[in-house]
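Colleague: Whatever this is, show me its structure:
(one chain, ligands or ions: 3)
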Amino acid sequence: MENNKLPVHVGVIMDGNGRWAKKRLMPRSVGHKSGMDRMIALAEHAKKSGIKYLTVYVMSTENLARRSADEIEGLFGLIRKYFTVNVKRLFEQGSGIKIIGDISALPQDVVKILTDAENLSPKNPDFTLVFAINYGGRCEIVNAVNKAVEKGEKITVEQFGKLLYTDGVPDPDLIIRTGGEMRLSNFLTYQSAYSELYFTDALFPDFSDAEFDRALASFAARERRFGGAQ
Ligand code: IPE
Ligand code: IPE
Ligand code: MG
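Modeller: Ligands and ions are numbered 1, 2, ... in the order given. From the prediction side, this is the model:
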């Protein structure tokens, strides 16, 4: 694939874990476990494909507020395990991690695991997994506005970008949503202004590397104009 046809940053709204489990008459937690396994493999595949940033939507601000304590605790369990086992491997391979979202609302030990990982993450990695947890685009924007107000000066679009959680990460070129819904559900609200969107019915645990490649092929076939003329 030509280099300019390969997205630098891909965002994935990993939806459909619950339905995947339901189809198998299993609890939602089993779907989340399968989804996490898929995410781990997908990150490796994305890196091999030459993608520089993969942002995975793990938990939205709305998920934290609206899902049962049981389901949320199950997700934290998976995250704890991921960050104590798999992230080390990521670092050994020279890849990095960045957390986006309001982590202050998470359990203390999870906050520590996440911040420790960010601190240990290699500098100038060739691939970065951006982990969106208790992430909400609206909260991120309001949070940035409040920081700007505290400074007491009017700011530019460029300066505003530096106040977002994603500071240092280029805007997503491509956003993929699995699970059949065609909405962004508060994902990278500000940064998605010119993102190409790709929707698939595949439930996230079934979203294979080959399906990811199909999304990349769809991206490569598109003409991005950014408001310019053809
Ligand atoms: C996405 O899967 C993962 C999270 C939101 C944590 P869902 O849990 O939303 O799965 P469905 O949409 O109910 O199938
Ligand atoms: C979006 O999925 C959030 C994540 C995948 C983490 P949801 O299942 O929460 O989205 P809605 O509720 O269908 O919009
Ligand atoms: Mg869902």
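
Colleague: alpha carbons only for contacts and neighbour counts from here, please
Modeller: Will do.

Colleague: which bits of the protein sit near ligand 2?
Modeller: Within reach of ligand 2 by Cα under 6 Å from any ligand atom, the chain has these residues: 13, 14, 15, 57, 58, 59, 60, 63, 185.

Colleague: Just checking stretch 13-20 against ligand 1, any contact.
Modeller: Yes: if you take Cα under 6 Å from any ligand atom as the test, stretch 13-20 does meet ligand 1, through 14, 15, 16, 17, 18, 19.

Colleague: measure that stretch end to end?
Modeller: 15 Å (Cα to Cα, to the nearest Å).

Colleague: ok, now stretch 173-192?
Modeller: 8 Å.

Colleague: Assign a three-state SS to the residue most central in space within the chain, would you?
Modeller: Using Cα atoms, centre = their mean, the residue of the chain that lies closest to the mean C-alpha position is residue 56, 2.3 Å off. For residue 56, the assignment made with DSSP: H, G, I helix; E, B strand; the rest coil gives strand.

Colleague: For it, name its beta-bridge partners.
Modeller: residue 12, residue 131 (DSSP bridges).

Colleague: check contacts around it.
Modeller: Residues in contact with residue 56 (Cα atoms under 8 Å, 6 or more residues apart in numbering) are 11, 12, 13, 14, 39, 129, 130, 131, 132.

Colleague: can you give me the helices for this protein?
Modeller: 17-23, 28-49, 61-66, 69-81, 87-92, 108-120, 137-151, 157-161, 209-220 (DSSP state H).

Colleague: Just the buried residues of the residues of the chain next to ligand 2.
Modeller: The neighbour count (16 or more other Cα atoms under 10 Å) marks 13, 14, 15, 57, 58, 59, 60, 63 as buried among those.

Colleague: what's the pLDDT at the last one?
Modeller: What the model reports as pLDDT for residue 63 is 98.
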